[in-house]
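Asker: got a predicted structure here, sequence first:
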Amino acid sequence: MQTALHTPISHKMLEEKLKMDQLNNHDERKGTAVVNVLSPEAFNKDHIPGSINIPQNDIEQFDKRFKKDKEIVVYCASKECDASTKVAEQLAAKGFTQVRDYEPGMKGWNDAKKNEGS
């Protein structure tokens, strides 16, 4: 059985990082980068506030933007979408040490936000 090389992150933990101003998509090492790995069209349609877009097929951009020890949270559309899991696994294989996969994706984010408003 293969061991996962990345760690999932819960909605609560992701929200805490965003609330504590840990989001930093621009510094190559400090803070947490939150990255949507879907197409630019999907990102423009809907994304987690403050996140950036690096499409799944442009994974070399992670090497150009971030150091290997940068905390990176990747997400895609939903639990049924495996794009973020694939990217997380590829990044871990490339030597990135703090990769987190927000597995619920945009669907989970939007569902949680709707529930907060109920």
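Answerer: Okay, I see it. No experiment lies behind these values; they were computed from the predicted model shown.
Asker: what stretches of this protein score poorly on pLDDT?
Answerer: Within the chain, the stretches with pLDDT under 70 are 1-5, 118.
Asker: for the longest helix belonging to the chain, packing partners?
Answerer: Ranked by number of residues, the top helix in the chain under DSSP state H is helix 105-117. Helix 105-117 is packed against helix 11-19, strand 71-75, with contacts defined by 3 or more C-beta pairs under 8 Å, 6 or more residues apart in numbering; DSSP states H and E. For the C-beta atoms, the positions are set from N, CA and C on the backbone; glycine is no exception.
Asker: dump that helix to PDB, restricted to CA.
Answerer: Extracted in PDB, the C-alpha atoms of helix 105-117 (Å, rounded to 0.1, in the frame of the first residue of the first chain):
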ATOM      1  CA  GLY A 105     -12.700  21.800  -3.000                       C
ATOM      2  CA  MET A 106     -15.000  24.600  -4.100                       C
ATOM      3  CA  LYS A 107     -18.100  22.600  -3.500                       C
ATOM      4  CA  GLY A 108     -17.100  21.900   0.100                       C
ATOM      5  CA  TRP A 109     -16.100  25.600   0.600                       C
ATOM      6  CA  ASN A 110     -19.400  26.900  -0.800                       C
ATOM      7  CA  ASP A 111     -21.400  24.300   1.200                       C
ATOM      8  CA  ALA A 112     -19.600  25.300   4.400                       C
ATOM      9  CA  LYS A 113     -20.200  29.000   3.700                       C
ATOM     10  CA  LYS A 114     -23.900  28.300   3.100                       C
ATOM     11  CA  ASN A 115     -24.200  26.400   6.300                       C
ATOM     12  CA  GLU A 116     -22.500  29.300   8.200                       C
ATOM     13  CA  GLY A 117     -25.200  31.600   7.000                       C
END
